[in-house]
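Novice: this is a predicted model, with the sequence first.
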Amino acid sequence: MLATVEADESVLTSKITVPALPAWMVSRQRIGTLIAHAARGPLTAVTGPPGAGKTMALASWADAPQPGPVAWVTLDRFDNRPGAFWPYVAEALRRAGVALPAGLPAAAAGAPEEFLRQFALALAGLDPPAALVLDDFHLISDARLLEGLDYLLRNARSGLHLLVASRMDPMLPLHRYRLAGEVTEIRARDLAFSVPEAGLLLAQHGVTLPAESLTTLTRRNEGWAAGLRMAAMSMAGHPDPGQFVKELDAEDGPIAGYLVDEVLNSQPADVRDLLLRTSILDRVSVELAGELTGEAESGGVIPALAQANAFVQPVGNGWYRYHSLFADILRLKLRHESPRLVGQLRGRAARWLWRNGTLREAVTQAAAAGDWPLATRMAVEDLAVGVLLSPLTGQELAEAFRPMPADPAAPEPPDLIVAAALALRQDREDTGAARLARAERLLGRLPADAELPSRLAAAMLRLTLARRGGDLAAATAAAEQAGSVLGRMPEDMLRRHPEVRLLDLANRGSVEMWAGRLDDAAATLSVCAADACGSCDGIGRRALVEAVRGRLASAGRLGAAACVPPDAGRAWHPSAAAEVALAWVSVEHNRLADAASRLSRAEDALRLQPDRLVGAIACLVAARLRLARGGAGAAMEMIARARRGWSPPPWLDQRLALAASHARAGRGAARQHGPERDEPLIVETLSGRELEVLGYVARMLSTAEIAEQMYLSVNTVKSHLKSIFRKLGVSHRRDAVRRARQLALI
């Protein structure tokens, strides 16, 4: 402990001197501002991994004029005891200009409480306060020393500001300081170099990189100061700096050597082994680390490494990741030291990740191991083929399957099903159909209850092909097949994937709409919830059914709901069906510009997920739009496009025919009545009995007279009238007759 307050000749001056700033030092005003702002409080903790720039940041701040004295102590492992620590602190403060009283006990070891009390009393009166910088504070762990420092900091009050640079959170009661708002924490992310700052650092070494290479270098280093500095030194005089950036993680490079020697090899053997084994992962948890080491408890070291800033960073929810360069070096070392172990580790990781509900990462690991049968079976049994077909939600999963061989030697149904889905995703229908047919032949040789997930996926792919090709019979058969398989699947599997039932309902509703059973389609699709099944688009399709039924208010409300993006972070793309429904409503209300915009978005969505029926309805709406604008020839082109390459269902063909008759007559189908109103261009087809009732209405017969003429009950006639009014979008007899005459129905 401190024996006297006079100059202590036994103190190494180098340890209490602020480090000199090197010539290559880059001035970073934002870091200085952070520290200067933090210096208003009692404690500032600057933490980060080795080489993060902690010392240089504090030295740069201390080099600038400060309102009060600044004392500096560079700690080492020999200072981890009160008898070594306190003399350096006292001497650093004294040489910084702090007058410590001569009355401090000469033998403080016998009465440490009195020593600390007098020390705190001396500092408490300072104004402006003294700043004490303790560098490499992570080397201090002695409980007595830490308790004394906490006592000094609390009781010196505003007379002392403590700044510590450490690889880990200082072992002080940070929770108490945080609650009191008395600590400022500057972490690795704050110290990280930005791209412009990295450019300045390279320039100090005479190196200039193209913008793209500079961005790559900074990103790969994650702004790590030491890595950028070593890269700058290595590139000085290098014949091709851009190539150096590409080979940044080379095993014999300076950065690799630093990370191996300073970080990896400094760990105990069991921790080193854990780091190497888990380096195959993009992220790691305690449980997954235990799986890969074979020792459940071993993963507990991961949080400790993160706390120690050993190039391990928490990413939330119990997961961690390695600094990207560190991860690259670890993988190189693993392949070099244990090449046969890599595939085994990836297989174990894949199975663990799948069991724990992270399919995309599981497939990525299986793919990296070259175990495609495992990868495809996981995707099929996870009922993820529908996701794989989605242009956005399936992007990452599809990317994981990208290296898969196109034609495996002895494929199983899951291999062919995934291959078919990937082909359909790339709009290669013929290839997808051929692969699907091979899968169906293999499934046909198995018992009916075998490979149920594969059978369900095959039915969904068959339905997708039918939608794209406009084959109603095939679509109906595929929807029935999917429903049959779904009814035989294990209940626990369906509980884990509730979206599959919703997708089945959406498929059934779509087929019912296609077949012209609009009321049935509306009832089926009403069960689908948009946020529960983003890939099935049930709400968008229901909006389109409502538009076709003439229920414009409902179509507008549902369509708008389907076009609202979900929460940030979730993949999303516009619903083609919803956009077409909203375009239909806009045409009906003469909002022609909005209709055109909606149709354009629908066309974009249909390019991502083709659907012949929705596309044909979009053409019908586009024809009506062109008629409303007086373009009869353009309307005929859209009608021809709607019919091209398939046979539209009768209900749709009738509407196309009516639109064509209007176009041939050279007249628009709309008659504007104010800026936001329009007569409907096409109506839902009236039945023969309804047309007969409408004819009697036009002759001014009463309801009772119509009933008598048609040998019907009055209630039946009223039901027919109600249906006629709904289909024509009117509410009175006179309006119904007028609308029917406009549409050449009577």
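Specialist: Everything's here; your move. Numbering: from 1, shown residues only.

Novice: and the pLDDT at the residue nearest to Leu728 when sequence neighbours are not counted?
Specialist: Nearest residue to Leu728, sequence neighbours excluded (Cβ to Cβ, 6 or more residues apart in numbering): Arg739, at 4.6 Å. For every residue, glycine as well, the C-beta is placed using N, CA and C. On the pLDDT scale, Arg739 is placed at 81.

Novice: tell me the secondary structure at Arg739.
Specialist: Here Arg739 is recorded as helix under DSSP: H, G, I helix; E, B strand; the rest coil.

Novice: tally of neighbours for it?
Specialist: Neighbourhood size, Arg739 [other Cβ atoms under 10 Å]: 21.

Novice: mind giving me the packing neighbours of whichever strand or helix holds Val511?
Specialist: In this assignment (DSSP states H and E), Val511 forms part of helix 499-514. Applying 3 or more Cβ pairs under 8 Å, 6 or more residues apart in numbering; DSSP states H and E, one finds that helix 499-514 contacts helix 385-389, helix 452-469, helix 472-488, helix 518-525, helix 538-548, helix 612-628.

Novice: distance of Arg178 relative to Gly48?
Specialist: In this view, Arg178 and Gly48 are 18 Å apart by Cβ to Cβ, to the nearest Å.

Novice: domain ranges for this protein, per the record?
Specialist: Per automatic domain parsing, the structural domains of the chain span 13-191, 195-248, 686-746.

Novice: could the ones you listed be laid out in TSV, adding distance to Pro405?
Specialist: As requested, the domains of the chain are exported to TSV (distance: least, Cβ to Cβ, whole Å):
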stretch	distance to Pro405
domain 13-191	41
domain 195-248	28
domain 686-746	55
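
Novice: can you flag the weakest of those by average pLDDT?
Specialist: Of all the domains of the chain, domain 686-746 carries the lowest average pLDDT, namely a mean of 84.

Novice: mean neighbour count, the helices and strands packed on helix 499-514: which tops it?
Specialist: Among those, helix 538-548 has the highest mean neighbour count (mean count of other Cβ atoms under 10 Å), at a mean of 28.

Novice: need the contact partners of whichever helix or strand comes after that helix.
Specialist: Of the helices and strands lying after helix 538-548 in sequence (DSSP H and E), the nearest is helix 552-562. Residues outside helix 552-562 that contact it (Cβ atoms under 8 Å, 6 or more residues apart in numbering): 530, 537, 539-540, 542-544, 546-547, 575, 577-579, 581-582, 584-585, 588-589, 729.

Novice: 7 Å instead?
Specialist: For helix 552-562, the external contacting residues (Cβ atoms under 7 Å, 6 or more residues apart in numbering) are 530, 539-540, 542-543, 546-547, 575, 578, 581-582, 584-585, 588.

Novice: okay, who's weakest in those residues by pLDDT?
Specialist: Ala530 (47).

Novice: with just CA atoms, put the helix holding Val511 into CSV.
Specialist: Provided in CSV are the C-alpha atoms of helix 499-514 (Å, rounded to 0.1, in the frame of the first residue of the first chain):
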residue,chain,number,x,y,z
GLU,A,499,-50.0,-22.4,-42.0
VAL,A,500,-50.4,-25.6,-44.0
ARG,A,501,-54.1,-25.9,-43.2
LEU,A,502,-54.6,-22.3,-44.2
LEU,A,503,-52.7,-22.8,-47.4
ASP,A,504,-55.0,-25.8,-48.2
LEU,A,505,-58.1,-23.6,-47.6
ALA,A,506,-56.7,-20.9,-49.8
ASN,A,507,-56.0,-23.5,-52.6
ARG,A,508,-59.6,-24.9,-52.3
GLY,A,509,-61.1,-21.4,-52.3
SER,A,510,-59.1,-20.6,-55.4
VAL,A,511,-60.3,-23.7,-57.2
GLU,A,512,-63.9,-22.9,-56.2
MET,A,513,-63.6,-19.4,-57.6
TRP,A,514,-62.1,-20.8,-60.8
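
Novice: report the angle between that helix and helix 538-548.
Specialist: Taking axes from the mean of the first three to the mean of the last three Cα atoms, to 10 degrees, one finds helix 499-514 and helix 538-548 inclined to each other by 20 degrees.

Novice: just how off-centre is helix 499-514 within its chain?
Specialist: Relative to the chain's own centre, helix 499-514 is displaced by 27 Å; criterion: Cα atoms, centre = their mean, to the nearest Å.

Novice: give me the pLDDT for the nearest residue to Arg321 once chain neighbours are set aside.
Specialist: Counting by Cβ to Cβ, 6+ apart, Arg321 lies nearest to Arg283, which is 4.8 Å off, once chain neighbours are set aside. What the model reports as pLDDT for Arg283 is 96.

Novice: buried ones in the helix or strand containing Ile639?
Specialist: In the assignment (DSSP H and E), Ile639 maps to helix 632-643. Buried residues in helix 632-643, defined by neighbour count with 16 or more other Cβ atoms under 10 Å: 632, 634-636, 638-639, 641-643.

Novice: mind picking the lowest-pLDDT entry from the residues you listed?
Specialist: Ranked by pLDDT, the buried residues of helix 632-643 bottom out at Ala632 (89).

Novice: list the residues that contact Ala379.
Specialist: 359, 363, 385, 388, 418.

Novice: helix, strand or coil for it?
Specialist: Ala379 is classified as helix under three-state DSSP.

Novice: just Val730 next, same as before
Specialist: coil.

Novice: what's the burial count for it?
Specialist: By other Cβ under 10 Å, the residues close to Val730 number 19.

Novice: residues near Gly516, how many?
Specialist: Neighbour count of Gly516, defined by other Cβ under 10 Å: 17.

Novice: for it, what are its contacts?
Specialist: Counting by Cβ under 7 Å, 6+ apart, Gly516 touches 649-651.

Novice: swap in 6 Å and give it another go.
Specialist: Residues near Gly516 by Cβ atoms under 6 Å, 6 or more residues apart in numbering: 649, 651.

Novice: what helix or strand is it on?
Specialist: Assigned by DSSP H and E, Gly516 belongs to no helix or strand.

Novice: hey, where'd the strands end up in the stretch 301-450 of the chain?
Specialist: 312-316, 319-322 (DSSP state E, counting those that start in this stretch).

Novice: could you report the neighbour count for Asp492?
Specialist: Counted with other Cβ under 10 Å, the neighbours of Asp492 add up to 7.

Novice: go on, Trp372?
Specialist: 21.

Novice: re the thing from before, go ahead and confirm the residue nearest to Arg321 touches Gly318.
Specialist: No: Arg283 lies out of contact with Gly318 (Cβ atoms under 6 Å); the separation is 10.0 Å.
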